[in-house]
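K.L.:
predicted model follows, preceded by the sequence.
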Amino acid sequence: MHLRKALVLLLLLSLQGCASSSIFSPYPNQARAWTTGLSQGTPAAGLDKLTAKAASKDGLLYQQELARIQQLDGQNGASRDTFENVFSEYEEVYAQARVRAGGVAAGTASLLTNDNALPYQGYAYERIMGHAFQAFNYLALSDVAGAGVEVRRAALEQRTAELEHDKQISKAEEDAEENDVDVSQYEGYFSGVNAAAAGVTSAITNAWTYYFSAAYWEGIGEYNDALVDYKKALSITPNVEFIKADIERVSKKLDRRWQSDKGVVVILHEQGLVPARQEISIPIPTIHGFFSIAFPVYSGEDIQPPVPLHAQGELETVSTEVLVRLNGTAAKALKDKIPSMLVRQTLRAAAKYGAQKQANEHLGLLGGLATQIYNLVSESADLRSWLTLPAYAMATRLELPAGNQVIKLSASGGSASVNVPVRAGGITLLRVIEVGSYLRTEVYPLPEGKK
């Protein structure tokens, strides 16, 4: 009798723990407090809630959102500090993941509940964008060297993440084969994920961050680095013609063959927000029969097409082109994890069925009922992801005569006229963030650097 009561109490305490996580309050529902405010032009609306959650189990996720919102509210110093906390959290999460790989404690908790039981670990594409945003913080704070550190970190993260990603894919395939999980039989449940990820070949490579870093290096006179990153951006998006002209210009600067009384304004355009994940139910076969498991997916219907930003200068009008489709990147990142998630879900289904059977046999009516309730309420999909990331990151550039110039911007979210200083042979960054009715512009003339 005492054992029965103890086990029932343990289940109830576990339920109490679930209530404080994303199980009872799905993350997309929580995120509306700050995504809605941002879309309505009031990015500070969700700051208090995000600040309160920054120290929670999912602090990494909340702090990414917080740092982004702080930046879009013009709090660059606070955003810089929060992003530094984010990067420290990533290092800690990775260290904990290595420990978990050799132990069973956290894995057991996850097996009996779901992936929400584990602290949020983030994705490589999120970390890469975090470093790019951090570079903007340093530029806003007049720390050009600090911005350089961040664009290098973004590039390094892409290289290292690609290597780790290949290992993870191989491991997931081995685990599926070892546990006799036929991933192909579930393909029909993931048609929305496939549609959302269509055309995206990597969940990591990011032409927009490479283009940003290339423009930065060109602006400060580091033409070798600029050429390398322009070429990387072009290799990922080979159909973007203006990058070819950038490569030609920097190549001439390297050979000291470039002379012009004009400067270049590089326009970096962020549009929309990535969609939230949705939950579906998938029947998983076990030795005892089928067990229904909650699974996260994306819907192809949530992927809205990009709307180019038009920028009119003194001599020409240009339009931004997509360099990275982060809504598709997020879907591709989830798609790549499906095999390993299906293995865990299959094991979880068997564990939950076994727990229910044991409870019915040994804990009596109350214990069996408590276990059944626990299995029902703890079965929710992990819908966590960074939701204030732009759906699209685009770019273009204008050549303008030296001096103070006015650029007229026309976007789906509104229009604006921006005064931009242009230096002959130099680079000025014009960042445009567009979310719903929110339209923010930031201008960063880069110092001349070496010649």
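P.N.:
Structure received.

K.L.:
what's around residue 161, how many residues?
P.N.:
20 (other C-beta atoms under 10 Å). Quick note: C-beta positions are derived from backbone N, CA and C, even for glycine.

K.L.:
what of residue 134?
P.N.:
27.

K.L.:
is it correct that it falls within a strand?
P.N.:
No - secondary structure of residue 134 (DSSP: H, G, I helix; E, B strand; the rest coil): helix, not part of a strand.

K.L.:
relative to residue 150, how far out is it?
P.N.:
Using C-beta to C-beta, to the nearest Å, one gets 5 Å for the distance from residue 134 to residue 150.

K.L.:
repeat that for residue 179.
P.N.:
Counting by C-beta to C-beta, the gap from residue 179 to residue 150 is 41 Å.

K.L.:
neighbours of the residue lying closest to residue 236 once chain neighbours are set aside, how many?
P.N.:
Excluding its sequence neighbours, the residue lying closest to residue 236 (C-beta to C-beta, 6 or more residues apart in numbering) is residue 207, at 3.9 Å. Residues contacting residue 207 under the criterion other C-beta under 10 Å number 22.

K.L.:
verify the stated contact: residue 207 with residue 326.
P.N.:
No - using C-beta atoms under 8 Å, residue 207 is not in contact with residue 326, being 11.5 Å away.

K.L.:
before we move on, back to that, what pLDDT does the residue nearest to residue 236 get?
P.N.:
Per-residue pLDDT puts residue 207 at 97.

K.L.:
where does pLDDT dip in the stretch 1-150 of the chain?
P.N.:
1-24, 97-114 (pLDDT under 70).

K.L.:
next, give phi and psi for the residue nearest to residue 236.
P.N.:
Note on residue 207: backbone dihedrals following degrees, to the nearest 10 are phi -70, psi -30.

K.L.:
state the distance from it to residue 55.
P.N.:
Distance, residue 207 to residue 55, using C-beta to C-beta: 35 Å.

K.L.:
helix or strand: which one has the most centrally placed residue in the chain?
P.N.:
When C-alpha atoms, centre = their mean is applied to the chain, the residue found nearest the centroid is residue 126 (3.2 Å). Using DSSP states H and E, residue 126 falls within helix 124-140.

K.L.:
tell me the helix or strand right after that helix.
P.N.:
Per DSSP H and E, the first helix or strand lying C-terminal to helix 124-140 is helix 144-178.

K.L.:
could you give the angle of that following helix to helix 124-140?
P.N.:
180 degrees (axes from the mean of the first three to the mean of the last three C-alpha atoms, to 10 degrees).

K.L.:
after helix 144-178, next one along is what?
P.N.:
With elements assigned by DSSP H and E, the helix or strand that comes after helix 144-178 is helix 191-196.

K.L.:
for the helix or strand containing residue 52, name the packing helices and strands.
P.N.:
Using DSSP H and E, residue 52 sits in helix 47-53. Helix 47-53 sits against helix 27-39, helix 59-72, with contacts defined as 3 or more C-beta pairs under 8 Å, 6 or more residues apart in numbering; DSSP states H and E.

K.L.:
what residues sit buried inside the helix or strand just after the last one?
P.N.:
Reading on from helix 59-72 to the C-terminus, the next helix or strand found by DSSP H and E is helix 76-101. Judged by neighbour count using 16 or more other C-beta atoms under 10 Å, the buried positions of helix 76-101 are 76, 78, 79, 80, 82, 83, 85, 86, 87, 89, 90, 93.

K.L.:
count of neighbours near the nearest residue to the second one once chain neighbours are set aside?
P.N.:
The reference is to residue 78. Sequence neighbours aside, residue 70 is the residue nearest to residue 78 in space, at 4.7 Å (criterion: C-beta to C-beta, 6+ apart). With neighbours defined by other C-beta under 10 Å, the count for residue 70 comes to 25.

K.L.:
I'd like to know how far residue 70 sits from residue 64.
P.N.:
Residue 70 is 11 Å from residue 64, where distance means C-beta to C-beta.

K.L.:
cool, and residue 397?
P.N.:
According to C-beta to C-beta, residue 397 and residue 64 sit 29 Å apart.

K.L.:
just to revisit the earlier point, the residue nearest to residue 78 and residue 86 touch, don't they?
P.N.:
No - taking contacts as C-beta under 8 Å, residue 70 lies outside contact range of residue 86: 11.5 Å.

K.L.:
quick check, residue 409 in contact with residue 420.
P.N.:
No - Residue 409 is not in contact with residue 420 according to C-beta under 8 Å; the separation is 10.7 Å.

K.L.:
just grab the bridge partners of residue 266 for me.
P.N.:
residue 397, residue 429 (DSSP bridges).

K.L.:
would you mind measuring from it to residue 419?
P.N.:
Per C-beta to C-beta, residue 266 is found 16 Å from residue 419.

K.L.:
same deal with residue 190?
P.N.:
Distance of residue 190 to residue 419, given as C-beta to C-beta: 48 Å.

K.L.:
who has more neighbours out of these two?
P.N.:
Applying other C-beta under 10 Å to residue 190 and residue 419 shows that residue 190 carries more neighbours, namely 22 against 10.

K.L.:
what's near enough to touch that one?
P.N.:
For residue 190, the contacting residues are 297, 335, 338, taking C-beta atoms under 8 Å, 6 or more residues apart in numbering as the criterion.

K.L.:
leaving out chain neighbours, which residue sits closest to the residue nearest to the centre of the chain?
P.N.:
Per C-beta to C-beta, 6+ apart, closest to residue 126 is residue 386, 4.8 Å.

K.L.:
test my guess that the one you found contacts residue 63.
P.N.:
No - contact criterion C-beta under 8 Å: residue 386 and residue 63 do not qualify, at 10.2 Å.

K.L.:
which of those two has more neighbours?
P.N.:
residue 63 (27 against 24).

K.L.:
hang on, isn't the more buried one packed against residue 54?
P.N.:
Yes - counting by C-beta under 8 Å, residue 54 is a contact partner of residue 63 at 5.1 Å.

K.L.:
which neighbours do the two have in common?
P.N.:
Common neighbours of residue 63 and residue 54, counting by C-beta under 8 Å, 6+ apart, are 82, 85.

K.L.:
ok, residue 123 to residue 344 distance?
P.N.:
Note on residue 123: its distance to residue 344, by C-beta to C-beta, is 17 Å.

K.L.:
same thing with residue 447?
P.N.:
Here the distance between residue 447 and residue 344 works out to 51 Å (C-beta to C-beta).

K.L.:
of those two, which one has the most company?
P.N.:
Higher neighbour count among residue 447 and residue 344: residue 344, with 19 against 12, using other C-beta under 10 Å.

K.L.:
what about the stretch 201-350 of the chain, any weak spots by pLDDT?
P.N.:
286-289, 349-350.
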